[in-house]
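S.K.: Below: sequence and its predicted model.
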Amino acid sequence: MMLGPSGPHKAPLQTQHRRLLLLAMSRRSGTCIVVGASSGIGLSVARRLAVEGRKVAMISNREAELRAAAQTIDDALGRPAAFPYAHDVTDLDAAEALFARIEQELGQVDELHYLAGVMPEVALDEFDLAKDRLQVQVNMLGCIAFGNAAARRFLARKSGCIVGITSVAQDRGRLGRPVYNASKAGMDCYLEALRNRLWRHGVQVTTIRPGFVDTQMAKDVKGRKLPAAEAARLILRARDRRKPIAYVPGKWRLIMFVIRNIPSFLFRRMSI
Amino acid sequence: MTTTLGWRDEDVRGFGMAVGGPAKVLRPTTVEQVAEAFADVRARGGTIALRGAGCSYGDAATNAGGHVLDCTQMNSVLDFDPATGIAVVEPGATVRDLWRRSIAHGFWPKVVSGTMSVTMAGAAAMNIHGKNNYALGTFGDCVSWFDLLTPRGELVHCTRESDPELFHAAISGFGMLGCFTKLGLQTKRVHSGRLRVWGIVADDLDHNLRLIEELRSEADYLVSWLDLHAQGVALGRGLLHRADQLRPGEDPEGLCFFDPNLQDVPTKLFGLVPKGWLWPGMWCAVHLKQVAFVNWAKFRAGCREQKHSPYLQSHGAFHFLLDYVPNWQWMTKPGGLIQFQPFVPFAEASRVLRKIIERLQATGFVPYLGVLKRHRPDPFLMTHAVDGFSMAMDIAVSRNKHRREQLWKVCRELGDLVLDAGGRFYYAKDAVLLQSSFARVHGEPAVAKFRALKQRWDPDRLLQTDLSRRFGV
């Protein structure tokens, strides 16, 4: 009796495996660090890196979620690929030691993805130092702490890749979130300087400026948002193409070009 | 007595639009408001029907001339544990709300219907099944516990162990014993955001039944679409879809599909035409009597699909076929549709289902859609499941009164045929059976037990629907 083609039914999967294998072989094969990997874009990036066949050290301060997320990745791939490291990025001095510990436990790190970020609600007449300090610590100083630890090693080895996720919000200071804009602009500028220092030594530094992505951070944003998995795909594509700066999705390059060029006498009267 | 609760006059109909009537509707947002509504209507001696998304085809969530409590505003997934996959949901949370939350953590609901619009409380009250009923049971089997607000205003926390009688009657009890206010659900681990799917052509009804029977020990999901316009040797031909979950490491890229936005059913056809525009085209097919041609074309497309099998498909795209065309039920306007879904024991399935198809074809009520599934018995009191097959048939209802009555008569006649064979019916679908059939479906002892429970938890008979009155519950 005909049961349909039930025999060698794995053909399409094998093709996929071969493609993935080629993809993995063409790349570095060391460990990746993803900071901010318990949810949102960070989680999606960590998953994609694991699918590529890399060992992924996942860093986040939400330990339970992080462990569950790493377990999900290991379960799906059927091998240990994700390694959770609970760590609070505001503990700046601990970053160097954690980096060393990861290299010791998982082998040489050749990719750092910094995706930790916070964007608390700020009212238009609110000037709260506690919220502002947290944003500077997580968005900017955390990136500097991990970036320095990575840059020192990558410079010595003359290889490696640093990917930092800033924001389209860094292009202008806007009335809604002064310190979010400032912290992301600081991070963006730091990454640019790092790129100028390291690129000549063969180390790649890629700045990603995402628009609205469907994550917890943008849950109040109305309108069309990019799926986090799609954002992760575009981020890793920018890494593969060795882009210095990439807008995700690309249309934001045009939008931000316009916004960047609005003169101040107009911009300060606008409510965007 | 004037009410402050804001009951609104609305026309409340079943999903099939063929039954229902005007009722006063309230959409509570908290458990306190549900309790208030119960007290309010009880003081006035009225009746209340509990309603979720209104996806029951028949009169299970309508209450002509009475009150309807629409729970769709209480729609949060309160908690999801990413380590164990246990979700705590409010009654009006939909299947969509649940899987969007769970798939991000690599879990999928154990039992889902063909549409993601149904609410959790509705799914529990009707004890819905999915394409894996023969393997994992019904929705009730994945409920760990629930909180039930009884018509007397008592909030009962119930598990399988604490009160097995209430647990197995409230689930499957079509909203007769109280309002679910919170449910604890177990979801299942998946190792990929995709399923491996086969399309398999079945040449006739017996081939269809035999295929399902042979594959059910190894397949995770089985559902067969039937071309009920085919006659003679091709009677009951169709396309069987088999889907298997992927094992760890089988589909590494499937990990990237653990994103709710990549699981949703596409909203545009070929990325261009909004799907909301499709139903007028289908309306033309129904009213210009071209359904036979559409079914033939679908069957041919199925033959091509078989050649490309197996292929990988996201969970959402495989499960929620009814969501591919939004508002598809409007194609049967203005008369609406009913769904007739007999459940027939294994031994009698071939004979009875064949007879039903032949009879419907002979009387001119040819269903434009038929779906065949395999089931297994379950421990719930008012269950519809048997150890056998079910065949769901969507039949367009005419506006002509005589024709409509004739359809009801034919369906009752076929209902007797099914009951004689030891079959059952499903109250989320049914719109035609009579009180006498109700007792025959479950047997007198089960019905007496259900009536006793109703008397105990709802002595004022506050909770009533058009369906419960039809069955004299």
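M.R.: Thanks, I have it. Numbering: from 1, shown residues only, chains lettered A, B, ... in the order given.
S.K.: What lies in contact with the helix or strand B:Ala448 falls within?
M.R.: Under the criterion of DSSP states H and E, B:Ala448 resides in helix B:444-457. Outside helix B:444-457, the residues that touch it by C-beta atoms under 8 Å, 6 or more residues apart in numbering or on different chains are B:150-152, B:165-166, B:169, B:173, B:176-178, B:381-382, B:438-439, B:442, B:461, B:473. Quick note: C-beta positions are derived from backbone N, CA and C, even for glycine.
S.K.: residues contacting A:Gly186?
M.R.: With C-beta under 8 Å, 6+ apart, A:Gly186 has these contacts: A:Val136, A:Asn139, A:Met140.
S.K.: And it, how far from A:Arg172?
M.R.: Distance of A:Gly186 to A:Arg172, given as C-beta to C-beta, to the nearest Å: 14 Å.
S.K.: The helix or strand where A:Ala76 lies and chain B in contact?
M.R.: A:Ala76 belongs to helix A:63-77 when assigned by DSSP H and E. Yes. Against chain B, helix A:63-77 shows contacts by C-beta under 8 Å from any C-beta of the partner chain at A:Ala64, A:Glu65, A:Arg67, A:Ala68, A:Ala69, A:Gln71, A:Thr72, A:Ile73, A:Asp75, A:Ala76, A:Leu77.
S.K.: Now flag whichever of the contacts of A:Gly186 is closest to chain B.
M.R.: A:Asn139 (23.6 Å; C-beta to the nearest C-beta).
S.K.: Which residue, other than its chain neighbours, is closest to that closest one?
M.R.: A:Ser183 (3.9 Å; C-beta to C-beta, 6 or more residues apart in numbering or on different chains).
S.K.: Can you give me the neighbour number for that neighbour?
M.R.: Residues near A:Ser183, counting by other C-beta atoms under 10 Å in any protein chain shown, number 29.
S.K.: same deal with B:Lys355?
M.R.: 15.
S.K.: show me the contacts for it.
M.R.: B:Leu417.
S.K.: And B:Asp59, by the same measure?
M.R.: B:Gly14, B:Val19, B:Gly20, B:Ala431, B:Thr465, B:Asp466, B:Leu467, B:Arg470.
S.K.: circling back: could you flag which of the contacts of A:Gly186 are buried?
M.R.: The neighbour count (16 or more other C-beta atoms under 10 Å in any protein chain shown) marks A:Val136, A:Asn139, A:Met140 as buried among the contacts of A:Gly186.
S.K.: Kindly list the main-chain dihedrals of the residue lying closest to A:Glu111 once chain neighbours are set aside?
M.R.: Among residues not flanking A:Glu111 along the chain, A:Cys32 sits closest, at 4.1 Å (C-beta to C-beta, 6+ apart). Main-chain torsions, A:Cys32, degrees, to the nearest 10: phi -110, psi 150.
S.K.: The helix ranked longest in chain B: what's the following helix or strand?
M.R.: As assigned by DSSP state H, the longest helix anywhere in chain B is helix B:401-420. Where DSSP H and E defines the elements, the next helix or strand beyond helix B:401-420 is helix B:435-442.
S.K.: hang on, the earlier thing: and the buried ones among the contacts of A:Gly186 as a markdown table, adding pLDDT and secondary structure?
M.R.: Listed next are those as a markdown table, based on pLDDT from 0 to 100; DSSP: H, G, I helix; E, B strand; the rest coil:
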| residue | pLDDT | secondary structure |
| --- | --- | --- |
| A:Val136 | 97 | helix |
| A:Asn139 | 96 | helix |
| A:Met140 | 96 | helix |
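S.K.: Most neighbours of all the residues of helix A:63-77 next to chain B, which one?
M.R.: A:Ala76 (32 neighbours).
S.K.: on that earlier part again, and the helix holding B:Ala448 with helix B:435-442, angle?
M.R.: Interaxial angle of helix B:444-457 relative to helix B:435-442 (axes from the mean of the first three to the mean of the last three C-alpha atoms, to 10 degrees): 110 degrees.
S.K.: That's all I had, so thanks and see you.
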